[in-house]
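A.B. asks: everything below, folded, please.
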Amino acid sequence: MSGREMFSSRWSIVLVGLGMAVGTGNLWRFPRIVAENGGGAFLVCWLVFLFTWSIPLLITEFAIGRKTRRGPIGALAQLNGEASAWLGGFVVVTTVMIMFYYSVVTGWALKYAIAAGTGLLSAVDPELFWLDYSGSFWQPSLFHIVSIGAAGVIVARGITGGIERASRILIPLLFGLLLCAVARAVTLPGASAGLAFLFVPDTDAFMNYQTWLEALTQSAWSTGAGWGLLLSYAVYVRKSENVVSQAMRIGVGNNLASILAAMAILPAAFAVLTPAEARDALASGNVGLTFVWIPRLFSQMPAGDYLLAAFFVALFSAALSSLIAMVELASRALIDRGMARRKAVRLVVLLSVICGLPSAFSLAFFENQDWVWSLGLMISGMVIAGSAIRFGVQKFRVQLVNTHVDGLQVGSWYSWCLLYLVPIQFLAMFGWWIYQSVVVYEADAWWDPFRVFSVGTCVLQWGAALVALRIVNRQLLSGNDAERVTL
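C.D. replies: A predicted model of the protein is given here:
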């Protein structure tokens, strides 16, 4: 451990953790999903799953990373024995595959932040602007390369000089801009209807299973729980750091960012758009809502140009901070094998530039990768929970989580969540999305591995990754990874 960088303070850990957790899903998916699923009723369900899925997994990741001082591959090998390295490898592969197309999304946000800040976006029809941009070969590729390059420069500068310093800028900026947007949106005439829709529960929605499943999915995807990202950051926290307190702050802070985003968009939509336009906006998907309807919405508001720029700068800040965490996770896997940080980051960035280009060129390819590896994250979450279960949840709670008498401690509810609730929630959530593919998305060819949203494409890509990882299991380990954690 001598010579390894550490985060300089608890405040820094919170900021870096929020940078990991708060991403584009908070700003472009959450407002749409909460509006489509009962408003306040969805919030209640979403809060339940924060404490039964997300926070237990965040606690588990934090505890594993703090104890083992390794990324997911080495950490799971140390925790459960060398035969588990391939499972840690799947966690890494899943997040890295997401990184390849997430840098493209970050590039979209950067392009729109520049276009909004210069007034270009307000001067054209948003739909035509999006079609022109997304249909271009060079623009999405250029902004993808710039985005992954920026994340790489930050990660290469190290923990305190790079990741921590960037988080001290990006996260306060993100929350500050969201608060400005909320302040303007809630003071518009008619905004109270949007606030009531957001916070007053539709009791009928509680009886709809889809409300619960969408809330679980949003919590699982949004907090970063099970991605291996917090595990990789926990490598750099002091042994004295309280696992439970930090996981709670990160989980609650992530949800606060989502609520602020919804408070900026939904009241404005109720105040400015007609009911028909509002329905069209909310039904247009993540991309349609963000890059077509939000520019239209803000263009009709007083001082809308400033708010539009603020929104896309906030979106870029959220995207970049999450992309930084993904680059660190991928680099950590190489650093664990003895590679120098700068060399590891250069290799990760080069690979990301190449492997991200297909998603920059083709929205269909982008959607396929988002479908496959977003579902893969659910499996990744179960891998993290399964590692604690295999170790022994009671022993894990006592010896890796509740290691200090001061600060928050977790009781038996944590063990109960890992043993029972997380597996049950995984089966419900994963099964529901597979059902959606078979019945709704690709009903005529759900088995076809070359369809965008099919089960077949998931099985093909996950299967290829798992078989390859199992074959090279021993090669994934460095010399000091195969030793079980000594407690």
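
A.B. asks: switch to C-alpha atoms for all contacts and neighbour counts from now on
C.D. replies: Will do.

A.B. asks: and the host helix or strand of residue 212, what does it pack onto?
C.D. replies: Secondary structure assigned from DSSP states H and E places residue 212 in helix 209-222. Contacts defined by 3 or more C-alpha pairs under 8 Å, 6 or more residues apart in numbering; DSSP states H and E place helix 209-222 against helix 40-49, helix 363-391, helix 422-436.

A.B. asks: could you dump it to PDB, C-alpha only?
C.D. replies: Only the C-alpha atoms of helix 209-222 are listed here, as PDB (Å, rounded to 0.1, in the frame of the first residue of the first chain):
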ATOM      1  CA  TYR A 209     -46.400  -4.000 -11.700                       C
ATOM      2  CA  GLN A 210     -44.700  -2.000 -14.400                       C
ATOM      3  CA  THR A 211     -44.400   1.000 -12.100                       C
ATOM      4  CA  TRP A 212     -42.400  -1.100  -9.700                       C
ATOM      5  CA  LEU A 213     -40.200  -2.700 -12.300                       C
ATOM      6  CA  GLU A 214     -39.400   0.600 -14.000                       C
ATOM      7  CA  ALA A 215     -38.500   2.100 -10.600                       C
ATOM      8  CA  LEU A 216     -36.200  -0.900  -9.900                       C
ATOM      9  CA  THR A 217     -34.600  -0.600 -13.300                       C
ATOM     10  CA  GLN A 218     -34.100   3.200 -12.900                       C
ATOM     11  CA  SER A 219     -32.500   2.700  -9.500                       C
ATOM     12  CA  ALA A 220     -30.200  -0.100 -10.700                       C
ATOM     13  CA  TRP A 221     -29.000   1.800 -13.800                       C
ATOM     14  CA  SER A 222     -28.800   5.200 -12.300                       C
END
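
A.B. asks: hang on, the earlier thing: closest to residue 228 out of the helices and strands packed on helix 209-222?
C.D. replies: Closest of the helices and strands packed on helix 209-222 to residue 228 is helix 363-391, at 8.0 Å (criterion: C-alpha to C-alpha).

A.B. asks: list the buried residues for the closest one?
C.D. replies: The neighbour-count criterion (16 or more other C-alpha atoms under 10 Å) identifies 365-366, 368-389 as the buried residues of helix 363-391.

A.B. asks: got the CA coordinates for whatever helix or strand comes next after the helix holding residue 212 in CSV?
C.D. replies: Using DSSP H and E, the helix or strand that follows helix 209-222 in sequence is helix 229-234. Output for helix 229-234, consisting of C-alpha atoms alone and laid out as CSV, is shown next (Å, rounded to 0.1, in the frame of the first residue of the first chain):
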residue,chain,number,x,y,z
LEU,A,229,-17.1,1.6,-10.5
LEU,A,230,-17.4,2.4,-6.8
LEU,A,231,-15.3,-0.8,-6.0
SER,A,232,-12.5,0.7,-8.2
TYR,A,233,-12.7,4.1,-6.5
ALA,A,234,-12.7,2.4,-3.0
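
A.B. asks: so which residues make contact with helix 229-234?
C.D. replies: Counting by C-alpha atoms under 8 Å, 6 or more residues apart in numbering, helix 229-234 makes contact with 17, 20, 58, 61-66, 69-72, 224, 325-326, 328-329, 332, all of which sit outside it.

A.B. asks: pLDDT (mean, whole number) over it?
C.D. replies: Per-residue pLDDT values across helix 229-234 average out to 97.

A.B. asks: could you do stretch 403-422 as well?
C.D. replies: Model confidence over stretch 403-422 averages 89 on the pLDDT scale.

A.B. asks: with distance to residue 460 added, can I get the helices and strands packed on helix 209-222 in a markdown table?
C.D. replies: Formatted as a markdown table, the helices and strands packed on helix 209-222 follow (distance: least, C-alpha to C-alpha, whole Å):
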| stretch | distance to residue 460 |
| --- | --- |
| helix 40-49 | 30 |
| helix 363-391 | 10 |
| helix 422-436 | 14 |
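
A.B. asks: so which of these gets nearest residue 120?
C.D. replies: Comparing the helices and strands packed on helix 209-222 by C-alpha to C-alpha, helix 363-391 comes nearest, at 23.3 Å.

A.B. asks: that closest one to helix 209-222, inter-axis angle?
C.D. replies: Taking axes from the mean of the first three to the mean of the last three C-alpha atoms, to 10 degrees, helix 363-391 and helix 209-222 form an angle of 80 degrees between their directions.

A.B. asks: report all helices and strands that helix 363-391 contacts.
C.D. replies: Contacts defined by 3+ C-alpha pairs under 8 Å, 6+ apart place helix 363-391 against helix 55-68, helix 72-80, helix 85-117, helix 209-222, helix 341-361, helix 422-436, helix 455-471.

A.B. asks: residue 144: which of the ones you listed is closest?
C.D. replies: Within the helices and strands packed on helix 363-391, the stretch nearest residue 144 is helix 85-117; the backing value is 4.6 Å (C-alpha to C-alpha).

A.B. asks: now do the very next helix or strand once past the closest one, average pLDDT.
C.D. replies: Tracing the chain C-terminally past helix 85-117 and defining elements by DSSP H and E, one meets helix 126-134 next. Per-residue confidence for helix 126-134 averages out to 93 on the pLDDT scale.

A.B. asks: relative to residue 242, which of the helices and strands packed on helix 363-391 is closest?
C.D. replies: Nearest of those to residue 242, taken as C-alpha to C-alpha: helix 55-68 at 9.2 Å.

A.B. asks: ok now that closest one, how far from the chain's centre?
C.D. replies: Using C-alpha atoms, centre = their mean, to the nearest Å, we find the averaged C-alpha position of helix 55-68 to lie 17 Å away from the chain's own average C-alpha position.

A.B. asks: for it, packing partners?
C.D. replies: On a contact count with 3+ C-alpha pairs under 8 Å, 6+ apart, helix 55-68 meets helix 72-80, helix 229-234, helix 243-272, helix 363-391.

A.B. asks: buried sites along the helix or strand just after the longest one?
C.D. replies: Okay, so that is helix 243-272. Towards the C-terminus, the helix or strand next in line after helix 243-272, according to DSSP H and E, is helix 275-282. Taking 16+ other C-alpha under 10 Å as the basis for neighbour counts, the residues of helix 275-282 that come out buried are 278, 281, 282.

A.B. asks: contacts for helix 275-282 next, please.
C.D. replies: Under the criterion C-alpha under 8 Å, 6+ apart, residues 32, 35, 36, 269, 270, 288, 289, 293 lie in contact with helix 275-282.

A.B. asks: per-residue confidence at the closest residue to the fifth one other than its chain neighbours?
C.D. replies: In this structure, residue 270 finds its nearest non-sequential neighbour in residue 194, 5.4 Å apart by C-alpha to C-alpha, 6 or more residues apart in numbering. Confidence at residue 194, expressed as pLDDT, is 87.
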